[in-house]
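Visitor: Quick check, what structure comes out for this input:
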Amino acid sequence: MSTMGKRTRAQRYGRGTGPYRAPPNIHIAEAKIPDWPETMSEGQKIVGVVEDIVHDPGRSAPLAIIRVWREGRIERIYLPSVEGLYVGKEIQIGMDAEIDVGNVVPIGRVPEGFYVSNVEKIFGDGGRYARSGGSYAIVRAHDPKRGITEVILPSKRTISIDSRSRCQIGIVAGGGRDELPLVKAGNAYYKWKNKPKKWPRTRGTAMNPVDHRHGGGRRRRPVKRTAPPGQKVGIIAPKRTGKRD
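Guide: Numbers count the residues shown, from 1 in each chain. You can find the predicted model right below:
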């Protein structure tokens, strides 16, 4: 790529500078499975009640506020809400919790074929997989001898994790929200305001040649197959160039 001109949007996005960085403090709380001793010990669990289901800026899924009684006082935790959860529902969190919608249990106890969400990658990390609105993972198989469980992620990739890793039963709520039209530009503005994306997004063909490879209304210049990711836009490694005879 020529040294003249600006870097493409993909190259600027990779640097993570101002316009491409998520605003600070956009979330109302950290939605993680608690690492309290009673939630990670065999034969124990804590019981809470869904106090409210709220919207969290920057997330595609609503959050459920769980009120629990612990060590003589009331504590509140936030978890991604799953489909079928409602205010007043009892939620159990622990190694001995029941298999029910919204409960947090070890994935090794979940029957094969169940839909789960907020799955821990490492036991005790609070949840890493299937946390966005409408997403879920599927329990594929258990290996009790090795103590691992195979899980199909939303990307259809299969991974093996510790059977003690905890998860929530059910599909994350908030799915299908992208299927509705935004109707007006103001809705799009507020949609991207709290996300690490730059909006509006201008087409490369609408730019000048100095700003993008597609700009100027002229022929697109081919890019080498060995070019870095931010440079690979447009026609990539064509077999031939020029006009046909």
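Visitor: Leaving out sequence neighbours, find the closest residue to the residue nearest the centre of the chain.
Guide: Most central in the chain under C-alpha atoms, centre = their mean is residue 132, positioned 4.3 Å from the mean C-alpha point. Counting by C-beta to C-beta, 6 or more residues apart in numbering, residue 132 lies nearest to residue 60, which is 4.9 Å off, once chain neighbours are set aside. To be clear about C-beta, it is placed using only N, CA and C from the backbone, and glycine gets the same treatment.
Visitor: Tell me the gap between the top strand by length along the chain and the middle of its chain.
Guide: In the chain, assigned by DSSP state E, the strand with the most residues is strand 45-54. Once both centres are worked out by C-alpha atoms, centre = their mean, to the nearest Å, strand 45-54 turns out to sit 22 Å from its chain's centre.
Visitor: same thing with stretch 127-143?
Guide: That offset, for stretch 127-143, works out to 11 Å (C-alpha atoms, centre = their mean).
Visitor: pull the CA atoms of that stretch into PDB?
Guide: Taking Å, rounded to 0.1, in the frame of the first residue of the first chain, the C-alpha atoms of stretch 127-143 are listed here in PDB:
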ATOM      1  CA  GLY A 127     -18.800 -16.500  33.000                       C
ATOM      2  CA  ARG A 128     -17.200 -15.900  29.500                       C
ATOM      3  CA  TYR A 129     -19.300 -17.600  26.800                       C
ATOM      4  CA  ALA A 130     -22.800 -17.000  25.400                       C
ATOM      5  CA  ARG A 131     -23.600 -13.800  27.200                       C
ATOM      6  CA  SER A 132     -25.000 -11.600  24.400                       C
ATOM      7  CA  GLY A 133     -28.800 -11.200  23.700                       C
ATOM      8  CA  GLY A 134     -30.300 -14.300  22.200                       C
ATOM      9  CA  SER A 135     -27.200 -16.400  22.400                       C
ATOM     10  CA  TYR A 136     -26.800 -19.800  24.000                       C
ATOM     11  CA  ALA A 137     -24.400 -22.800  24.100                       C
ATOM     12  CA  ILE A 138     -25.400 -26.500  23.900                       C
ATOM     13  CA  VAL A 139     -24.000 -29.200  26.200                       C
ATOM     14  CA  ARG A 140     -22.800 -31.800  23.900                       C
ATOM     15  CA  ALA A 141     -21.200 -34.600  26.000                       C
ATOM     16  CA  HIS A 142     -19.700 -35.400  29.400                       C
ATOM     17  CA  ASP A 143     -16.500 -37.300  30.200                       C
END
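Visitor: dump the residue contacts of residue 14.
Guide: Shown in contact with residue 14 (C-beta atoms under 8 Å, 6 or more residues apart in numbering): 229-230.
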